[in-house]
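Engineer: Kindly generate the corresponding structure for this input.
(one chain, ligands or ions: 1)
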Amino acid sequence: MKIQSIRGFNDILPEKIKRWHRIEERARTIFELYGFSEIRIPVIEFTDIFARSLGTTTDIVEKEMYTFTDRDGSSITLRPEGTAGVVRAFIEHSMYAQSPITKLYYSGMMFRHERPQKGRYRGFYQIGAELFGSKEPLADAEVIIMLWRFFEAIGIAPYLKLEISSLGDENCRPAYKQKLVEFFMPSRNQLCEDCRRRLEVNPLRILDCKKESCKQIAQDAPSMLDNLCSECREHFESVKNTLTSLGALFVSNPRIVRGLDYYTRTVFEVTTEELGAQNTVGAGGRYDHLVEELEGPPTPAVGFAVGMERIILLHEKKFPEGFQKEVDTFIAHLGSEAKKTAFLLAYELRKNGVFTEMDYENKSLKSQLKRADKLGVKYTIIIGEEELSRGKVKVRDMRKSTEDEMNLEDVKKLAIKFRI
Ligand code: HAM
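Structural biologist: Residues are numbered from 1 along each chain as shown. Below is the predicted model:
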C-alpha cells in the first residue's frame, strides 16, 4: 500500500502556516473585542446530536457524515460543523444559567464526505462564532458586522459580497412551504430525483438544487421574503437598517436557503467571485429553536462559520507575498524633547500590543513621513515641541489622510484602535 494521506484531507506545511497563524490571530482579536470567548469541543459527538440539529433530510446528514459504530455499539460521528456541538456544550454545562447572553467562538477541523475539488475538502477548518440569548435584530447585526470586520482586518473584504435573507419562522414558513409545494407540483416530473423527494420532505431545498433543469423551474418560485409574517418582516428590516447604519454593504438575496435545517429568520452568506465553484467563504444565521430541540431551555441564537481553506486561497491569490511585516504606527518627532517622548511612547504602545516603529536619528519630518508611508502604517503620530508643551500630539490617519490633535495621555491608551 502506498503511504499517502486520505483523499480530501490535506497537510498544511510549515511554509504555509504563517498565513494561517496571522488570520487565526486576527479572528481571535476581533471576536474577543466583541466579547466572544473561545470554547473547544470534541471533534466527535453522538450521531444523534447532528441528525437532530442539522435535519435528517439535509445532504450533510443523508450523505456526508463520517459515522462509526463505537466499541460499545453507540453511533458516533466526526463533526461536520461546529454549531451542534457548541449547542450541546451550552446545554450540558448550563451556560444559560450563568449569564443571559453567552458568546462563544471556536475553530477546528470539520469532516464532510463531499467530492473533493479546489476549496472543497473532506477535512477542512472552520472558525465560527455563536451568540446565545438574544432574539433582537441587533444581535444578528453584531455578528454579521464582527464577521465583516474580520474580513476587513485580513484585507479580503473588497473581494467579498455579503448576501442576506430571512427564512421566516414557525408562523410563516409552513404556509410558504405549502405555496412552494403547490408551485412545484405541476412540474414534478421535470424535477430531478432528489428534488422530487425534497418536494415531500423539504420543498425549500429545491431552491438550492444545482441541476440546471431544477434551477430553471425554480426561477419563478414564490420568494420567502414576500411571504414573511409581520414580526419576521420587521425583524429582517431592522437587521438591514442596523447594518446600513454601520455602513455595511450587503444585498438581499431571497434565494439563500442554507444546507442546514436549524435556521429561523436571518440567514447570510459571504461569497467571492475569485475562487470558482466553491465561492462561499462563510455563512450563518439565526437558529432560535435549536437549543430547545436539543432539550435545553428556549434560547434564541445566531452565529456563523467561515471556511479557513477558502479564506486562505483568496488571501494567497490577492496577497501572494503574505502578510506585510506588521507595523501599526510610526512615531515621527521634531526636537530633542520630542524624541525622548517618542521613545517612551513607543515603549508604551508596544507594551499594549501595538506594532510601533520610530526614527532613532534626527531625520527631517519629510523623510520620517516617507518612511512611515513605506512601512504602510495605519497611523503616524507626529510629536512637535509646540504641541508637546501643551501635552498634545498629532495623529495622522494615513489611509484617510486626516489629522487630529490628541492628548498624549490618550494616545498611550489607543492600543486597540491601532491594532486592528
Ligand atoms: P456551512 O455553510 O455548512 O455552515 O459552512 C460554513 C463554511 O464552511 C462555508 O461557507 C465554507 O466556507 C466552509 N465549508 C463548508 N464545507 C466545506 C468543505 N467541504 N470544504 C471546505 N470548506 C467548507 C455551517 O457550518 C454552520 N455551522 C454555520 C453557522 C454557525 N450557522 C450558525 N452558526
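Engineer: residue ranges for the helices of the stretch 301-420 of the chain, please.
Structural biologist: Remark: helices assigned in the stretch 301-420 of the chain by DSSP state H, counting those that start in this stretch are 308-318, 336-351, 365-375, 385-389, 408-411, 415-419.
Engineer: same check, this time on the stretch 51-200 of the chain
Structural biologist: 59, 83-92, 95-98, 137-153, 173-184, 193-201.
Engineer: distance between stretch 99-113 and the chain's centre?
Structural biologist: Chain-centre distance of stretch 99-113: 11 Å, with CA atoms, centre = their mean, to the nearest Å.
Engineer: quick one: contacts for the nearest residue to Glu309 once chain neighbours are set aside?
Structural biologist: Spatial nearest neighbour of Glu309, chain neighbours left out: Phe124 (5.3 Å); criterion: CB to CB, 6 or more residues apart in numbering. (Glycine included, C-beta is placed from N, CA and C.) Phe124 is in contact with Met109, Met110, Arg112, Gly307, Met308, Glu309, counting by CB atoms under 8 Å, 6 or more residues apart in numbering.
Engineer: A PyMOL selection for those, restricted to the buried ones, would help me check which they are.
Structural biologist: One line in PyMOL is enough to select the buried ones among these; burial here means 16 or more other CB atoms under 10 Å:
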select buried, resi 110+112+307+308+309
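Engineer: re the thing from before, using TSV, lay out the helices of the stretch 51-200 of the chain together with mean pLDDT, distance to the ligand and mean neighbour count.
Structural biologist: Converted to TSV, the helices of the stretch 51-200 of the chain look like this (pLDDT from 0 to 100; distance: least, CB to the nearest ligand atom, whole Å; neighbours: other CB atoms under 10 Å):
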stretch	mean pLDDT	distance to the ligand	mean neighbour count
helix 59	89	10	16
helix 83-92	98	4	21
helix 95-98	97	16	13
helix 137-153	96	8	21
helix 173-184	95	17	16
helix 193-201	91	18	15
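Engineer: Switch the ones you listed over to JSON lines; also include distance to Ser401.
Structural biologist: Formatted as JSON lines, those follow (distance: least, CB to CB, whole Å):
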{"stretch": "helix 59", "distance to Ser401": "50"}
{"stretch": "helix 83-92", "distance to Ser401": "43"}
{"stretch": "helix 95-98", "distance to Ser401": "46"}
{"stretch": "helix 137-153", "distance to Ser401": "19"}
{"stretch": "helix 173-184", "distance to Ser401": "49"}
{"stretch": "helix 193-201", "distance to Ser401": "54"}
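Engineer: Quick check: which of those helices is nearest to Phe50?
Structural biologist: Among the helices of the stretch 51-200 of the chain, the nearest to Phe50 by CB to CB is helix 83-92 (5.3 Å).
Engineer: who are the neighbours in contact with the residue nearest to Leu225 when sequence neighbours are not counted?
Structural biologist: Sequence neighbours aside, Pro254 is the residue nearest to Leu225 in space, at 4.3 Å (criterion: CB to CB, 6+ apart). For Pro254, the contacting residues are Ser165, Ser223, Met224, Leu225, Asp226, by CB under 8 Å, 6+ apart.
Engineer: hmm, which of those residues are the buried ones?
Structural biologist: By neighbour count, with 16+ other CB under 10 Å, the contacts of Pro254 hold Ser165, Ser223, Met224, Leu225 as buried.
Engineer: Which two of these have the greatest separation?
Structural biologist: Ser165 and Ser223 (8.9 Å).
Engineer: anything in contact with each of these two?
Structural biologist: By CB under 8 Å, 6+ apart, Ser165 and Ser223 have these common neighbours: Pro254, Arg255.
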